[in-house]
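Novice: Let me see the structure of the following:
(3 chains)
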Amino acid sequence: MKWQPDRDPAAFALAAARGVGQVFFQDNAATGALFLLGIAWSSPLMAAGAIVGAVLGTATARLLKFDDAETTAGIYGFNATLVGIASLFFFRPGAASLGLLVVGCVAATLLTRARLPFPTYTAPFIVTTWAIFFLGTAMGAERVVHPGPADVAPWVGAVQGVSQVMFQADVATAALFLAGLAVGNWRHAAWVLAGSVVGAMVGGWHATGASRLLDPESLVVRPLFENIALGLYGYNATLAAVALSLWRRSSIPPLLGMLLAVLLTDLVPLLGLPALTAPFVLATWLVLALGKLDETFLADRGAKVA
Amino acid sequence: MKWQPDRDPAAFALAAARGVGQVFFQDNAATGALFLLGIAWSSPLMAAGAIVGAVLGTATARLLKFDDAETTAGIYGFNATLVGIASLFFFRPGAASLGLLVVGCVAATLLTRARLPFPTYTAPFIVTTWAIFFLGTAMGAERVVHPGPADVAPWVGAVQGVSQVMFQADVATAALFLAGLAVGNWRHAAWVLAGSVVGAMVGGWHATGASRLLDPESLVVRPLFENIALGLYGYNATLAAVALSLWRRSSIPPLLGMLLAVLLTDLVPLLGLPALTAPFVLATWLVLALGKLDETFLADRGAKVA
Amino acid sequence: MKWQPDRDPAAFALAAARGVGQVFFQDNAATGALFLLGIAWSSPLMAAGAIVGAVLGTATARLLKFDDAETTAGIYGFNATLVGIASLFFFRPGAASLGLLVVGCVAATLLTRARLPFPTYTAPFIVTTWAIFFLGTAMGAERVVHPGPADVAPWVGAVQGVSQVMFQADVATAALFLAGLAVGNWRHAAWVLAGSVVGAMVGGWHATGASRLLDPESLVVRPLFENIALGLYGYNATLAAVALSLWRRSSIPPLLGMLLAVLLTDLVPLLGLPALTAPFVLATWLVLALGKLDETFLADRGAKVA
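Specialist: Purely as a prediction, here's the structure:
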């Protein structure tokens, strides 16, 4: 059965929506739609970027005849979705930033085809967005200035880690993301929330020792408690939690991944790069590598992921 | 068989002593007696508070005809025991503080009846004592000023975490507590000591970064090394260790609980509340929740606690 | 079959080389030879100390007729090897330091015979070298001053933890050590590298909070990032990783041991003693003790070590 994009725009839209859902590993178009709603609540502009990214990624995969089942499941949409959001998180709309957005979404989709011996997760998004970040700055694109957090209750940062996965610091956005996850699998929603809470807890503990630190996304030095209140210590832990809960039938890998993601949230910005989801990808790769070292790791020989 | 308190004071005394033992999860009157001896060594006044609490809790349960087996096992004694000690830890004896002590011991016993889908542990004590803390302050009760630690060897704080469970900073008290535990179950004594040592170790590591921090019990800002020397980084970890060693046949839950308890020891005081054993309760609940997320958690399907 | 040292110098040399290999738990003379090559690349003098130590340890064991199979496997060589290196790390060659080196190598070998209910690992080296450190200072031996690190890339410290096991801060030395390990068992090489990387990662995270800290080996206060760049947060974690990967068929014990080794790397120097490999030994003993507490620890009843 040959797929006909011009004949079936509804199927194309569903694949693109699944691409948004795959940011949190969900092969579910309703989940993706709730994610878009959540972004739009906080930032209609970045929601538009997400849609453009998901469409460009899915269209690129269709045109280049990537595996049809994978494309339909959104596998070629989530990196481009994140590139679309990130471009408009860092830069105001303009010729340079929008040009980089379009080229970046296509490039990230092509990079998703790179076959490594382990899952690439959001690595294509990270590499592409680092390039956009430096090229955009070099091309004089205007940076967006994001405000620090209002004086918020401690639980706010623990929840906003969920929305920060797509660059939003907003409790309602996080709630819509969790609702989208729960539509498909309540355990995934629980792991995502657990990751964000653990991230804020460990970050908060660290903050009692370290009063000021680089914001891992915008590379501004600010009080560490403010970074935590923005949810910046949760968004990597939350992705590591759900990715590794999918890997083996044990709670240890996600717990370990969450902890490593929090450590790396402090360390990646020291390289002078926006952390993006690199702490998540690196933490998860480290746990997968540990699994290779010891096939009895966590008393579960049945790996779900190769 | 109807229980007759007036006819059997010895049985009543044994139930009250078991209530003291249940602070460390021990259904053992000799254990409770050694605990009381340990408190009395360090503070006869607080030992009196413990006895009043254990008696009030057990009597309340008898009068209201709570489950007889539970009452005999001390289940309705340990929260009131801790309320009795805590009231005299925070305030000098007086009309306000003694009135709050008596009302608080009864209230904590009633709260122990709250049926949650998970164990309440010392949560009734915590909620009641927070209320006593604010009401006592509002009523002008005179606060007790506790001295900082003498210049002590590092191992002192690692041991005093055991005695801090009942508000004492004293090595001999800790030794009597451990002896009381070993009378019933040497593994529980080992876990209790392990928790206290891990708490002091992790706290000490943190202290090399953070030089000053809130004392989690008296909310005074003091050098973090002093808080550790007082055992304040161990008393929550030690309870989490023994509670979770009772839960499943694996060392991972107590290890995880200890670590979370230490983190929360820094975080709960930031809310402006004395931490009491809230870090223990929250850490243990978090680990139980993780167990719900993944029924194969730690490769042990046989949960001992529902 | 009686062993004849005078008749078989080749067998003696192989046993001594295995003694060097046993620093990383390798019963392999080629491994030991690559380790010596690695030390010599960075410091010919300390390589000479290592050879003298390995020879003295093995000769002492032969002369005192210690178990022949153990001596041939290098069991009585590795503590003396480390004493030989450490003496020349702390002090310039001279009558006092060389005398202490010789006496210390013999003493460490005798201490290796101490039969504790658990493995002694490098404890004989640690105790002996602490004695040498204080005696040498008292006898006026001249201390060696080691430079801080050049301005290095972050991964350098993550690798140099491997070479720091034998007191070297050198990437090529670390590579030769890893090659020596891989000759015998690539999994051990992987665990050793993992330990060093985790040590640098956790240390780096801590460093974002604590800017200055004692160098755990030379007891100089210096910026914590410099200590990490020297690999000083990795050499204990790396030994704990490989020791505990040998213990049970699970990744949890080495992970736990690595983490504890990093914490203790901060804490042991607070006692005013060079840390040497005490953080490794203490961390590993703690994990073994946890295994005793709970025989189902990590879902593996088949302990490889008694």
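Novice: now check stretch A:112-123, is it near chain C?
Specialist: No: using CB under 8 Å from any CB of the partner chain, stretch A:112-123 never reaches chain C; the gap is at least 14.9 Å. Placement of C-beta: from N, CA and C, glycine included.
Novice: in that stretch, what's buried?
Specialist: By neighbour count on 16 or more other CB atoms under 10 Å in any protein chain shown, the buried set for stretch A:112-123 is A:Thr112, A:Arg113, A:Pro119, A:Thr120, A:Tyr121, A:Thr122, A:Ala123.
Novice: Spatially nearest residue to the first one, not counting backbone neighbours?
Specialist: Beyond its immediate neighbours in the sequence, the residue positioned closest to A:Thr112 (CB to CB, 6 or more residues apart in numbering or on different chains) is A:Pro124, lying 4.8 Å away.
Novice: can you count the residues close to that neighbour?
Specialist: A:Pro124 sits with 26 neighbouring residues when counted by other CB atoms under 10 Å in any protein chain shown.
Novice: Same question for A:Phe134.
Specialist: Neighbour number of A:Phe134 under other CB under 10 Å is 11.
Novice: ok so, going back, please name the residues that touch the residue nearest to A:Thr112.
Specialist: Contact analysis of A:Pro124 by CB atoms under 8 Å, 6 or more residues apart in numbering or on different chains lists A:Asn79, A:Ala107, A:Ala108, A:Thr109, A:Leu111, A:Thr112, A:Ala114.
Novice: got it, and A:Val287?
Specialist: Applying CB under 8 Å, 6+ apart, the residues near A:Val287 are A:Ala240, A:Leu244, A:Trp247, A:Pro253, A:Leu256, A:Gly257, A:Leu260.
Novice: Write a PyMOL command that selects only the buried members of those residues.
Specialist: Applied in PyMOL, the following selects the buried portion of those according to 16+ other CB under 10 Å:
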select buried, chain A and resi 240+244+247+253+256+257+260
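Novice: The contacts of A:Val287: which two are farthest apart?
Specialist: Based on CB to CB, the longest span within the contacts of A:Val287 runs between A:Trp247 and A:Leu260 and measures 14.0 Å.
Novice: For the closest residue to A:Arg92 other than its chain neighbours, list the residues it contacts.
Specialist: The spatially closest residue to A:Arg92, leaving aside those adjacent along the chain, is A:Glu142, at 4.5 Å (CB to CB, 6+ apart). By CB under 8 Å, 6+ apart, the contact list for A:Glu142 reads A:Phe91, A:Arg92, A:Gly94, A:Ser97.
Novice: May I see the residues you listed organised as a markdown table, with pLDDT added?
Specialist: Listed next are the contacts of A:Glu142 as a markdown table, based on pLDDT from 0 to 100:
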| residue | pLDDT |
| --- | --- |
| A:Phe91 | 94 |
| A:Arg92 | 95 |
| A:Gly94 | 95 |
| A:Ser97 | 95 |
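Novice: And those residues, which of them are buried?
Specialist: Buried members of the contacts of A:Glu142, counted by 16+ other CB under 10 Å: A:Phe91, A:Ser97.
Novice: for A:Arg248, helix, strand, or coil?
Specialist: Here A:Arg248 is recorded as coil under DSSP: H, G, I helix; E, B strand; the rest coil.
Novice: any idea how far A:Pro147 is from it?
Specialist: Using CB to CB, to the nearest Å, A:Arg248 is found at 41 Å from A:Pro147.
Novice: how about the helices in chain A?
Specialist: Here chain A has its helices, by DSSP state H, at A:9-21, A:29-42, A:44-63, A:68-72, A:78-90, A:95-111, A:123-138, A:154-164, A:171-184, A:186-207, A:224-229, A:235-245, A:252-267, A:278-293.
Novice: among those, where is the model least confident on average?
Specialist: Of all those, mean pLDDT reaches its minimum on helix A:224-229 (a mean of 64).
Novice: on that earlier part again, quick one, which of A:Arg248 and A:Pro147 is more surrounded?
Specialist: When A:Arg248 and A:Pro147 are compared for neighbours, A:Arg248 comes out ahead with 23 against 7, by other CB under 10 Å.
Novice: doesn't A:Gly291 make contact with the more buried one?
Specialist: Yes: counting by CB atoms under 8 Å, A:Arg248 does reach A:Gly291; the two are 7.4 Å apart.
Novice: If you drop the residues flanking it in sequence, what lies closest to A:Thr129?
Specialist: A:Ala86 (4.7 Å).
Novice: OK, contacts around the one you found?
Specialist: Listed by CB under 8 Å, 6+ apart, the contact partners of A:Ala86 are A:Phe125, A:Thr129, A:Ile132, A:Phe167, A:Leu276.
Novice: What's the end-to-end length of stretch A:22-29?
Specialist: 9 Å (CA to CA, to the nearest Å).
Novice: quick check: domain ranges of chain A?
Specialist: Listed by automatic domain parsing, the domain ranges of chain A are A:10-138, A:154-299.
Novice: end to end, how far does the first one reach?
Specialist: Start to finish, the residues bounding domain A:10-138 are 40 Å apart (CA to CA).
Novice: Off-centre distance for that domain?
Specialist: 10 Å (CA atoms, centre = their mean, to the nearest Å).
Novice: again with the longest one
Specialist: Distance, stretch centre to chain centre, for domain A:154-299: 10 Å (CA atoms, centre = their mean).
Novice: just checking, A:Gly234 touches A:Ser163?
Specialist: No: between A:Gly234 and A:Ser163 there is no contact, the gap being 9.2 Å when judged by CB under 8 Å.
Novice: of these two, who's got more company?
Specialist: Comparing A:Gly234 with A:Ser163 by other CB under 10 Å, the one with more neighbours is A:Gly234, at 36 against 30.
Novice: What residues does the more buried one make contact with?
Specialist: A:157-158, A:160-162, A:164, A:195-200, A:203.
Novice: quick revisit: roughly how far apart are the residue nearest to A:Thr129 and A:Ala241?
Specialist: 21 Å.
Novice: cool, and A:Leu63?
Specialist: According to CB to CB, A:Leu63 stands 35 Å off from A:Ala241.
Novice: So between those two, which is more surrounded?
Specialist: Neighbours were counted for A:Leu63 and for A:Ala241 using other CB under 10 Å; A:Ala241 has more, 32 against 10.
Novice: which bits of the stretch 51-200 of chain A sit near chain C?
Specialist: Where proximity means CB under 8 Å from any CB, the stretch 51-200 of chain A presents no interface facing chain C.
Novice: Closest residue of the stretch 51-200 of chain A to chain B?
Specialist: Closest approach between the stretch 51-200 of chain A and chain B, counting by CB to the nearest CB: A:Ala190, at 5.5 Å.
Novice: Compute the number of surrounding residues for the spatially closest residue to that residue that is not a sequence neighbour.
Specialist: Closest residue to A:Ala190 apart from its sequence neighbours, by CB to CB, 6+ apart: B:Leu293 at 5.5 Å. Residues within reach of B:Leu293, counting by other CB under 10 Å, total 16.
Novice: Quick check: B:Leu293 touching A:Leu193?
Specialist: No: counting by CB under 8 Å, B:Leu293 does not reach A:Leu193; the two are 10.2 Å apart.
Novice: buried residues in stretch A:57-75?
Specialist: Within stretch A:57-75, the residues that count as buried by 16+ other CB under 10 Å are A:Gly57, A:Thr58, A:Ala59, A:Thr60, A:Ala61, A:Arg62, A:Phe66, A:Thr71, A:Thr72, A:Ala73, A:Gly74, A:Ile75.
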